[in-house]
Each structure stands twice: as structure tokens, then as C-alpha cells.
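# Attaching a predicted model along with its sequence, questions to come.
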Amino acid sequence: MTCANEAGTIGRMSPGTYERDPRVDAYIDALPTWQQDIFHRVRDLVHEADPEVTETIKRTTQPYFVLMGNVCALLAAKDHVNVFLYDGAMVDDPEGIITAGHQNKTARTVGFRQDEPMNTPALLNMFRQIIANNRAGGWRTLKRDV
């Protein structure tokens with residue numbers, strides 16, 4: 001998990017404060033160090049967003065984080081990593097962290113390259129909004145009600 005220090009910055013807390021899926025560990029551990037670092041930070045953030053989030057593997061090897069529906073998934077590429085946000089394009093992105101899938105009706109992407117800064121407060125906020133939507137019936141239900 002992560003926590004804000006007195007300066008308001010977010011840093012990693014000790015691992016193991018949430019239940020870890022060893023298959024997700026194996027996926028992350030097989031990556032280059034810079035990708036591992038990003039995915040560890042993302043993993044901590046999604047668990048910070050709600051301690052009830054669980055980890056699993058879907059589509060044979062993809063790490064997914066779920067709570068009453070998909071929250072996000074991780075995918076490593078050669079020169080970047082992607083975090084797929086399962087928000088049905090309903091979650092606001094005032095900080096402009098979405099990098100792809102702007103018109104996608106299911107999931108949008110936040111991509112990171114080596115040494116790029118991560119807007120952790122914005123990503124954490126998006127995770128919390130997705131989880132709130134999931135708890136309210138999921139984006140498919142919510143879109144129908146709009």
C-alpha cells in the first residue's frame with residue numbers, strides 16, 4: 001500500500017499489507033526492473049483505493065484487479081507498460097492521464113514509459129471512482145440509467 005508523508009508525496013509501504021496473488025507476483029517479477037517498479041506502484045495504489053480489491057489472472061497471463069467487476073488490468077510491452085482502466089469511459093480525467101482508448105466504451109489506457117513521472121493522486125482517484133461505480137452496479141448499469 002502507499003501513504004502520503006508530511007510533504008504530501010506518496011510512497012510505498014511494506015508489501016504484504018494486502019493479499020497478493022502469486023501469479024501476479026510471477027508476472028511482475030519476470031519483467032525488467034523499471035516495469036516492475038511501475039507495476040508495484042500501480043498495484044499498491046489499486047489496493048489503497050479499496051482494501052477489498054482482489055488480484056487474479058485472466059486471459060491466461062494478464063493481472064487483473066477486481067471488486068464487484070474489473071477495476072484495472074496490467075500489460076507490459078517492450079518499451080512501455082499499460083494500465084487498462086475498466087471504467088466504461090465514465091470516470092472524469094481532469095488531469096489528462098488517459099493516454100489511449102479515449103473513445104473506447106469499455107476500457108481506457110494509462111501508459112507509462114521508463115522514467116516518466118506517475119500522477120499517483122490522479123490514478124488513485126480514478127481507481128476510487130471505478131470502484132464506486134462497480135459498487136453502484138457497474139458502468140454498464142450506470143450508463144443505462146443515464
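Here it is on my side, so go on.

# correct me, but residue 39 touches residue 28?
Yes: applying Cβ atoms under 8 Å as the test, residue 39 and residue 28 come out as touching, 4.9 Å apart. Placement of C-beta: from N, CA and C, glycine included.

# Identify the contacts common to these two.
63, 74 (Cβ atoms under 8 Å, 6 or more residues apart in numbering).

# which is the next helix or strand following the strand ranked longest in the chain?
What stands out as the longest strand in the chain, according to DSSP state E, is strand 70-76. Going down the chain from strand 70-76, the next helix or strand is strand 81-85, by DSSP states H and E.

# Mind listing residues that contact that following strand?
35, 38-39, 42, 71-76, 91, 98, 100-101, 107-112, 123, 126-127, 130.

# Where do the helices of the protein begin and end?
Taking DSSP state H as the test, the helices found in the chain are 22-29, 33-49, 120-135, 139-145.
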